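Colleague: Structure, please.
(chains A, B, C and D)
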Number of protein chains: 2
Amino acid sequence: MMMAHAKISDEELFDGLITVFRTFGYEGATMSKLVEATGLERASLYHRFPGGKTEMACAVLECVGERFAENILAPLAKPGDPAKRVAKMAKRTKEFYVGGRLSCLLDTMSVGGDKEQIQECVSRMFKAWFDALQKVSMDAGFKAQEAKQRAEDALIQIQGALVMNRAMNLTRPFGRIMDDLPQLLTGKD
Amino acid sequence: MMMAHAKISDEELFDGLITVFRTFGYEGATMSKLVEATGLERASLYHRFPGGKTEMACAVLECVGERFAENILAPLAKPGDPAKRVAKMAKRTKEFYVGGRLSCLLDTMSVGGDKEQIQECVSRMFKAWFDALQKVSMDAGFKAQEAKQRAEDALIQIQGALVMNRAMNLTRPFGRIMDDLPQLLTGKD
DNA sequence: GTCTATAGCTTGATAGAC
DNA sequence: GTCTATCAAGCTATAGAC
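Modeller: Residues are numbered from 1 along each chain as shown, chains lettered A, B, ... in the order given. Now for the predicted structure:
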């Protein structure tokens, strides 16, 4: 029996790809899993991404980077009280990772890292995240060096909490870390 | 041409297996890579681990768990000043992860986690690590609840720093986190 | 206890119809 | 732009010689 042609939107397509790459990492994200998650056949995925799995992975990273910038980092650059901006960012981050139950794509995609192109994408996106955190910390009155360290600490704690959640199924630490972010980045609640 | 029989010690064998699983995760650790890293042929690996890749992964986790308990967690349970014990633990941890340049096996092995047996191993070993940290924090005078939170924070920061190092090639945060561990876990330096 | 050789399946990727 | 059908290569795992 012939299957109905699945004409899906870019958003649906990327939702499927993101889920697979985030859950299984680059190596674990097989074409079969990507086909199942998107509803498109192999050849259709290759039509959209002629560079194959590597191009899919990079496109997925870029897509998540854009969504992250719009939904999570944008509030950090708005005017107003830095502590309130960070609180908003923390709330959005909690939602983005579903209370910590989802892994970070940048984490899982960096495992095994023998594809230079992917490592470069991951590194660049982490840098954008870091810069946004450092900037809001400086807006709160911290000098560059102090703000840099606080931004590092924030990223470390977010990533660490997500790892602990994946490995031990602990959701509480992630929530606590998120709630403490305004204090960490701005010195105030 | 016939290859010389490679009779290697259990330690050499596990060194090879650990390196591959830690670097590439469970999915990325292919038999070819394991063969190359250990110097044994496929069939010889299956002779030692009849359960195949899954059994190898579990054995590797147990082996690392033992080494970790002996070299890193043991100093925590010795008599003496808790802050000094933690400092010793931190020093050993730095060496274990080569200044942060190596990933944590528990992290990379938990990516993709569709093998229940492996997830159970990872979770159990994290628990042992956590318990040792909580205990030394209680030895330093903190009540159970406070010590639990400090142990959580310590694990989160260690894991987070290792992720940041892998993804962004930043070694400095890991060293700083390690140096701050005595303060975090005991309240003193 | 290690090896060579191979089975059977899945992988990433491509050709060509519609 | 999606599909079916197929490829060569790589995968996990096994059989059997020494």
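Colleague: residues contacting A:L184?
Modeller: Neighbouring residues of A:L184 by C-beta atoms under 8 Å, 6 or more residues apart in numbering or on different chains: A:150, A:153-154, A:157. All C-beta spots, glycine's among them, are computed from the backbone N, C-alpha and C.
Colleague: cool, and A:G16?
Modeller: Applying C-beta under 8 Å, 6+ apart to A:G16 gives the contacts A:34, A:37-39.
Colleague: Now list the buried members of those residues.
Modeller: The neighbour-count test (16 or more other C-beta atoms under 10 Å in any protein chain shown) marks A:34, A:37-38 as buried among those.
Colleague: if we can go back for a sec, between the contacts of A:G16, which sits nearest A:T54?
Modeller: Using C-beta to C-beta, A:L34 is the member of these that sits closest to A:T54, with 12.7 Å.
Colleague: ok, the residue nearest to that closest one when sequence neighbours are not counted - how many residues close by?
Modeller: Sequence neighbours aside, A:V20 is the residue nearest to A:L34 in space, at 5.4 Å (criterion: C-beta to C-beta, 6 or more residues apart in numbering or on different chains). For A:V20, the neighbour count with other C-beta atoms under 10 Å in any protein chain shown is 22.
Colleague: What about the contacts of A:G16, which are in helices?
Modeller: A:34, A:37-38 (DSSP state H).
Colleague: Just name the closest of these to A:K91, please.
Modeller: Lowest distance from A:K91 to these (C-beta to C-beta) belongs to A:A37, with 27.9 Å.
Colleague: And that closest one, what's its pLDDT?
Modeller: Note on A:A37: pLDDT of 98.
Colleague: Touching, it and A:L17? I think so.
Modeller: Yes: counting by C-beta atoms under 8 Å, A:A37 does reach A:L17; the two are 7.0 Å apart.
Colleague: Switch the contacts of A:G16 over to a markdown table, and while doing so, append distance to DNA strand D to every line.
Modeller: As requested, the contacts of A:G16 are exported to a markdown table (distance: C-beta to the nearest atom of the strand, whole Å):
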| residue | distance to DNA strand D |
| --- | --- |
| A:L34 | 12 |
| A:A37 | 13 |
| A:T38 | 8 |
| A:G39 | 7 |
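Colleague: overlap between those residues and the residues near DNA strand C?
Modeller: With C-beta under 7 Å from any atom of the strand as the criterion, those include none near DNA strand C.
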